[in-house]
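> Test case, fold it:
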Amino acid sequence: MLQVPTRGAGHCLAFLLLAGPVCAQQASTADAPAIDPEQVVIIGTSPLPGQGISRDLLPYATQVIQRSRIDASKPLNLVDYLNRSVPGVQVNEITGNPYQGDLTYRGFRASPQLGAGQGLSVFLDGVRINEPFGDVVNFDLIPEFAVRSISLVPGANPAFGLNSLGGALAYTTYDGRSAPGVSAELAGGSFGRGKVSLSHGASSETGWHQYVAATGFTEDGWRDHSDSHLGQFLGKIGHDDGTTGWTLGFLLGRSTLIGNGLVPAYTFGEDGERVPDLYQNRREAIYTHPDETKNRLEQLAFNLQYALDAASSISALAYVRHTRRDTVNGDVAGDPVGDETAVFNTTGTRQTGYGGGLSYARGSGPHQWQVGATLDTADVEFRQSEQPAFFSDTRGTVAAPGSETETSAEVDGKATTFGLYATDTWTVAPRTWLTGTVRYNHSRVSNDLTSRDDDTGELEDHPHERFSYNSVNPALGIAHRIGDAMNSPTLFANVARNTRVPTVIELGCADPQEPCRLPAGLQSDPFLEQVKSTTVEAGLRWPLAPGMRFTLEAYRTDNREDILFQSVDTSSQLGYFANFPKTRHLGLDAQLTVTTGALDMSMGYSYLKATYEASGTLRQGERNVSVTPGARIAGLPSHTFKLSADWRVAPGWTVGADVLAVSDRGVVGNEDGLLEDPQSGETPEVQRVNIPGYAIFDLRASWKPAGDWEIYVALNNVFDRRYETFGALAGTVFTPAGEFNGAETDAVFVAPGTPRSFWAGLRYRF
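Numbering: from 1, shown residues only. Next up, the predicted model:
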């Protein structure tokens, strides 16, 4: 948590954006809840900074994680920390790469996987980093060493703009004032992993400040053919004279990541018995390779804040962001010809996004309100090509002799969104606060598509497409503290609505008669409706005692016209996008945090029931899956338990442990309990297939021989538990020994969890 002294008035920090710490102010007894008088947790309530609101006044349960908590956990990266420590968050290791985690919060995704149903908006210092082409999130391009705090705002909050269906995730970075001096970290461990990070910050009495940070990471990977590396650089310069503050930041990212995806664990014999396959026979096995993604990023962002007086301020943001993504995937050929049983699928994506925002915030009497406007636009260029190939002995694809690469799809697209929003927190009584928000969005998405005709084999241009979307999304909530005592609980309730507009890839791949291949084959397609999401939530915050806090929140989010990818062939990623009438995410999150003496502890439990709430037929893998209201959405566990504890056993010495326990979950393609489509007149046999639950135990220890130095070690998955985080029904064309036979056999493909691993490092701060 951000701890802000309340003795005396402070002025707003100029560059902390989106649900991060925004400012410290003198709080009146009428406006402030009864909490520790030495601490106030201040967060933002919109994408741009304002004066900030005490977290205990808001009608929903926010989570603010400071860097000190992250460092104490000794995670491999920030996604790893969120998975182990934050209630409601769960990560699927679909690719097997630590920087390509498929993150879900309350069942809504922020994923680097193109085609995933994205439902979380992600921000870095106020800049929305969901990529325009598919709303994907490239976690490998976030400058993690420079991250000061992470904030998570739940629900379909309209203030944070489009795509905030399940919540908004925000990263706030350091500047020269918040991170003065030198910080360095050198770490390494299992699977050839190594990381080096370095930063330097400085500020002067004249108001100038500057900050630079750089990180490099490399690994051989624990699965076959899975070496990866990345590098990040962040530079900031700014000035603050107490009234006007500005920061100019430059971000550079480079990565080459191998993510080998799902692997068959077992096939089904004639009598229904489960026959061990590649994964059961060898834990490190992969299905086919290569599966390489190269990401490149350049971003320039300018933040400005001007204090009009002690009660009001103006904030502004302007940015330009350019990303490049190139992929090479070796897949099974859809229509094998002779020895050409494989295919190289290559894609190139170029995206340039630019825009900004302006807001005015003011505290006047019982009201703390903010109004603002945002504009985001992006140009997208996408190219996909294919080349016939065959499989090597290691199931690697090798280009067929004399074959040529042929372009299969191209798209030039543009997306523009304009938004107006207003939010106000009103003290209607000494212990009661009402928060209302409304946002208007106008979006335009246009495409110029070219695809190869299946009959003639010729590239053909499609008519120019242009779609417009409008929405007005409100939210209203109330928080009420029971009693005046410091340990009095606060009850809260909130209802909010938000929308998600179809992206370029979804609008370009929406015709079941012309399914496309992901990363994407595109064609001129039918119109898709925007997703309309409504969240109803209620709960309590209870400071049980000094250093002890309990939070409980129950929620229900209904998505109407949800956009789902209906695959035709899981192994070759063929399918199309379509609207589904209604889905629902119902659950609760509970967390108890304790800081007392030498012990820091956090315990969290999450329950999630994600279901389809309409009848329909989904194309999942190689099956037509019929779902009815109440059918579970695959891949999401019902129960998750997290425990994290650190004990300062002696001066300079700390030991800690994590426990992550997850219940079983269904596999994609088995939502109706069937393994294959029933034949006409046949009574199908129901056979439920689940990925088993698991519990992972981690240990860590650190020693600070001097105030500026720290040595740490971490052992993850201590008991080397063999577990899986995702599963799907599909067909394998290889024998259990890995030899190609071309005879497709029904199999359960899984995403293997990481084995026992060791991680150690040295930190220095001066």
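
> contacts and neighbour counts: CA atoms only from here.
OK.

> show me the contacts for Glu131.
Glu131 makes contact with Val137, Gln351, according to C-alpha atoms under 8 Å, 6 or more residues apart in numbering.

> Got the phi and psi for it?
phi -70, psi 140 (degrees, to the nearest 10).

> again, but for Ser68
Main-chain torsions, Ser68, degrees, to the nearest 10: phi -60, psi -40.

> Tally up the residues packed near it, please.
Neighbourhood size, Ser68 [other C-alpha atoms under 10 Å]: 11.

> what pLDDT does it get?
If you check Ser68, the pLDDT there is 92.

> what's the answer for Ser488, then?
Ser488 carries a pLDDT value of 92.

> so what's it up against?
Contacts of Ser488 (C-alpha under 8 Å, 6+ apart): Ala34, Arg481, Ile482, Trp542, Pro543, Leu544.

> In three-state terms, label it for me.
coil (DSSP: H, G, I helix; E, B strand; the rest coil).

> Relative to Ala61, how far out is it?
Distance of Ser488 to Ala61, computed by C-alpha to C-alpha, to the nearest Å: 16 Å.

> just Val196 next, same as before
35 Å.

> Between those two, which is the more surrounded one?
Between Val196 and Ala61, counted using other C-alpha under 10 Å, Ala61 has the larger neighbour count: 23 against 18.

> pretty sure that one contacts Thr551?
Yes. With contact defined as C-alpha atoms under 8 Å, Ala61 counts as touching Thr551 (7.4 Å).

> can you list residues touching both of those two?
Joint contacts of Ala61 and Thr551 (C-alpha under 8 Å, 6+ apart) are Gly539, Arg541.

> Please, where are all the helices along the stretch 1-150 of the chain?
Assigned helices in the stretch 1-150 of the chain, in chain order: 67-73, 78-85 (criterion: DSSP state H, counting those that start in this stretch).

> Output the contacting helices and strands for the shortest one.
Using 3 or more C-alpha pairs under 8 Å, 6 or more residues apart in numbering; DSSP states H and E as the contact test, the elements touching helix 67-73 are helix 78-85, strand 147-154.

> Single out the most deeply packed of these.
Comparing these by mean neighbour count (mean count of other C-alpha atoms under 10 Å), strand 147-154 ranks first with a mean of 22.

> Which stretches in the stretch 351-500 of the chain count as strands?
Remark: strands assigned in the stretch 351-500 of the chain by DSSP state E, counting those that start in this stretch are 367-391, 397-399, 406-429, 432-452, 459-461, 465-481, 490-500.

> and the angle from the first one to strand 406-429?
The reference is to strand 367-391. Interaxial angle, strand 367-391 versus strand 406-429 (axes from the mean of the first three to the mean of the last three C-alpha atoms, to 10 degrees): 160 degrees.

> and if you look at the fourth one?
When the same axes, to 10 degrees is applied, the directions of strand 432-452 and strand 406-429 differ by 170 degrees.

> could you point out which element follows the least confident helix or strand in the chain by mean pLDDT?
None of the helices or strands of the chain scores lower by mean pLDDT, DSSP states H and E than strand 516-517, at a mean of 58. Per DSSP states H and E, strand 516-517 leads on to strand 531-545 as the next helix or strand towards the C-terminus.

> correct me, but Asn157 touches Leu165?
Yes. Assessed by C-alpha under 8 Å, Asn157 is found in contact with Leu165 at 7.3 Å.

> where does the stretch 601-750 of the chain dip in pLDDT?
621, 681 (pLDDT under 70).

> Under the pLDDT cut-off, which ranges of the stretch 351-500 of the chain? List them.
Counting by pLDDT under 70, the stretch 351-500 of the chain has low-confidence residues at 454-455.

> can you do 80?
For the stretch 351-500 of the chain, residues meeting the criterion pLDDT under 80 lie at 451-457, 486.

> Give me the pLDDT value at Gln573.
51.

> nope, Pro112 is what I was after
Here, the pLDDT recorded for Pro112 equals 89.

> please renumber so the chain begins at 78
In the new count, where the first residue is 78, that last one comes out as Pro189.

> What is the burial count for it?
Neighbours of Pro189 under the rule other C-alpha under 10 Å: 23.

> so what's it up against?
Gln177, Gly178, Asp179, Val213, Val214, Asn215, Phe216.

> Let's have these in TSV, adding neighbour count.
Shown next, in TSV, are these (neighbours: other C-alpha atoms under 10 Å):
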residue	neighbour count
Gln177	24
Gly178	26
Asp179	23
Val213	24
Val214	28
Asn215	19
Phe216	22
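
> biggest separation within those residues, which pair?
The distance between the two most remote of the contacts of Pro189 (C-alpha to C-alpha) is 11.6 Å, for Gly178 and Val213.

> any shared contact partners between the two?
Residues within reach of Gly178 and of Val213 at once, by C-alpha under 8 Å, 6+ apart, are Ser188, Pro189.

> Tell me what the residue nearest to the spatial centre of the chain is bridged to.
For the chain, the residue nearest the mean C-alpha position is Ala187 (2.8 Å; C-alpha atoms, centre = their mean). Ala187 has these beta-bridge partners by DSSP bridges: Leu180.

> my guess is it meets Ser198, correct?
Yes. In this structure Ala187 lies within contact range of Ser198 using C-alpha under 8 Å: 7.4 Å.

> ok so, going back, show the contacting residues for the residue nearest to the centre of the chain.
By C-alpha under 8 Å, 6+ apart, Ala187 lies in contact with Asp179, Leu180, Thr181, Gln195, Gly196, Leu197, Ser198, Val199, Val213, Val214.

> Looking at those, which one is closest to Asn518?
The shortest approach to Asn518 among those belongs to Ser198, at 15.1 Å (C-alpha to C-alpha).

> Can you get me a residue count around the closest one?
Neighbours around Ser198, by other C-alpha under 10 Å: 24.

> hang on, it packs against Ala236?
No. Using C-alpha under 8 Å, Ser198 is not in contact with Ala236; the gap is 11.3 Å.

> What is the end-to-end distance of stretch 823-843?
Using C-alpha to C-alpha, one end of stretch 823-843 lies 58 Å from the other.

> which ones are touching the closest residue to Phe817 other than its chain neighbours?
Spatial nearest neighbour of Phe817, excluding adjacent residues (C-alpha to C-alpha, 6 or more residues apart in numbering): Phe811 at 4.4 Å. The neighbours of Phe811, taking C-alpha under 8 Å, 6+ apart as the test, are Phe817, Asn818, Gly819, Ala820, Glu821.

> make it 10 Å
Contacts here follow C-alpha atoms under 10 Å, 6 or more residues apart in numbering; on that basis Phe811 touches Pro341, Asp354, Leu355, Tyr364, Thr365, Arg472, Phe817, Asn818, Gly819, Ala820, Glu821, Thr822.

> Same check on Ala492?
Contacts of Ala492 (C-alpha under 10 Å, 6+ apart): 209-210, 430, 453-457, 520-524, 543-545, 578-581.

> go on, Leu792?
Leu792 sits in contact with 151, 266-267, 734, 774-778, 833-837, where contact means C-alpha under 10 Å, 6+ apart.

> Out of these, the closest to Gly707 would be?
The closest of the contacts of Leu792 to Gly707 turns out to be Phe774 (C-alpha to C-alpha; 33.4 Å).

> Please identify the buried residues of the strand or helix carrying the closest one?
According to DSSP H and E, Phe774 maps onto strand 771-783. Using 16 or more other C-alpha atoms under 10 Å as the test for burial, strand 771-783 gives Tyr771, Ala772, Ile773, Phe774, Asp775, Leu776, Arg777, Ala778, Ser779, Trp780, Lys781.
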